[in-house]
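>>> take this sequence and fold it.
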Amino acid sequence: MNIPNIAPDTIYLRRLSRFIDVVYAVIFFHILSQYLPHFEEMTWTEKPYGLLSHLWDGKTELLRIIIGAGLALLYWNQNTGIFKHLAKTNYTHAALSLVQLFFVVLFVYFAIADPNLETKSSPALQAASLAIAGFMSIGLWKYAAKNSLIREGMTEEEIKQVTKTNLMEPLTAVFNVGLAFVGPLAWTLAWFLLPPVFIWLLKKRKHYTSK
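Numbers count the residues shown, from 1 in each chain. Modelled structure (predicted):
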């Protein structure tokens, strides 16, 4: 029986990818468990529409789930989108990938510590954590490209395209650091409104540079 000869760096990449996926899964379900309205001795049975009324009473918490879980999924998707182009990893890349993941975990910590955005610092810290995580992810991609960690055959244009594709998340987070001091409403709406604006601007810039 022939056993395939797999390079150690490739095995490390698989293990790193699986570990990161597990952490994101834990983050996602932790956000759900923290923000879903808690049951209070079955009091929801006395409300007009039962559980629906109970969920509506906790609409602020539901909004936090949409933002928190949605951002966690966005960053997981960013990580997956980059890792699919990698062929292997090394100690530096793996270590910095875990540091980058730490900032995503830090975002969850700040979010759970102040779920109602009582202070202006907590949403600013949430956005700052995600901004650092996002730009670190792009930096790690550039490091991987320079150190031959990516799959063979990728052109310079394809490498640049991966970078551009992953700019939306950290750019939104940077703007939201400032908007946190404007108010919770502006900060919350910006997570929904800014990404389409950045996508439009990047497409428009690509259109003009291709002429």
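
>>> out of everything not next to it in sequence, what's closest to Ala127?
Asn176 (3.8 Å; CB to CB, 6 or more residues apart in numbering). Glycine gets a C-beta too; all of them are placed from N, C-alpha and C.

>>> please report how far the one you found lies from Asn77.
18 Å (CB to CB, to the nearest Å).

>>> more crowded one of those two?
Asn176 (23 against 13; other CB atoms under 10 Å).

>>> phi, psi for Ile150 please.
When read as degrees, to the nearest 10, the backbone of Ile150 gives phi -90, psi 170.

>>> so what's Val105 up against?
Val23, Ile27 (CB atoms under 8 Å, 6 or more residues apart in numbering).

>>> and it, what element?
If you go by DSSP states H and E, Val105 is part of helix 91-113.

>>> which SSE is immediately downstream of that helix?
Immediately after helix 91-113, counting by DSSP H and E, sits helix 121-146.

>>> who does that following helix touch, helix- and strand-wise?
Counting contacts by 3 or more CB pairs under 8 Å, 6 or more residues apart in numbering; DSSP states H and E, helix 121-146 is packed against helix 59-83, helix 91-113, helix 156-165, helix 168-179, helix 184-209.

>>> one more pass at 6 Å, please.
When contacts are defined as 3 or more CB pairs under 6 Å, 6 or more residues apart in numbering; DSSP states H and E, helix 121-146 sits against helix 91-113, helix 168-179.

>>> now the spatially most central residue of the chain: closest residue in space that isn't a chain neighbour?
Nearest residue to the geometric centre of the chain (CA atoms, centre = their mean): Tyr75, 2.1 Å. Using CB to CB, 6+ apart and skipping the chain neighbours, the partner closest in space to Tyr75 is Val104 (5.5 Å).

>>> give me the pLDDT value at that neighbour.
As predicted, Val104 sits at a pLDDT of 95.

>>> for the one 5 residues further on, same thing?
The model reports Tyr109 with a pLDDT of 91.

>>> same deal with Thr60?
69.

>>> same check on Pro196?
Predicted confidence (pLDDT) for Pro196: 86.

>>> from Thr80, how far off is it?
Using CB to CB, one obtains 21 Å as the distance from Pro196 to Thr80.

>>> looking at the two, which is more packed in?
Legend: neighbour count by other CB under 10 Å for Pro196 and Thr80, higher for Thr80 (13 against 10).

>>> sort out which residues of the host helix or strand of Tyr12 are buried, please.
Element membership of Tyr12, judged by DSSP H and E, is helix 8-35. Within helix 8-35, the residues that count as buried by 16 or more other CB atoms under 10 Å are 9, 12-13, 16-17, 20, 23-24, 27-28, 30-31, 34-35.

>>> what's that helix packed up against?
By 3+ CB pairs under 6 Å, 6+ apart, helix 8-35 packs against helix 59-83, helix 91-113.

>>> so that helix versus helix 59-83, what angle?
Counting by axes from the mean of the first three to the mean of the last three CA atoms, to 10 degrees, helix 8-35 lies at 170 degrees to helix 59-83.

>>> alright, calling it a day.
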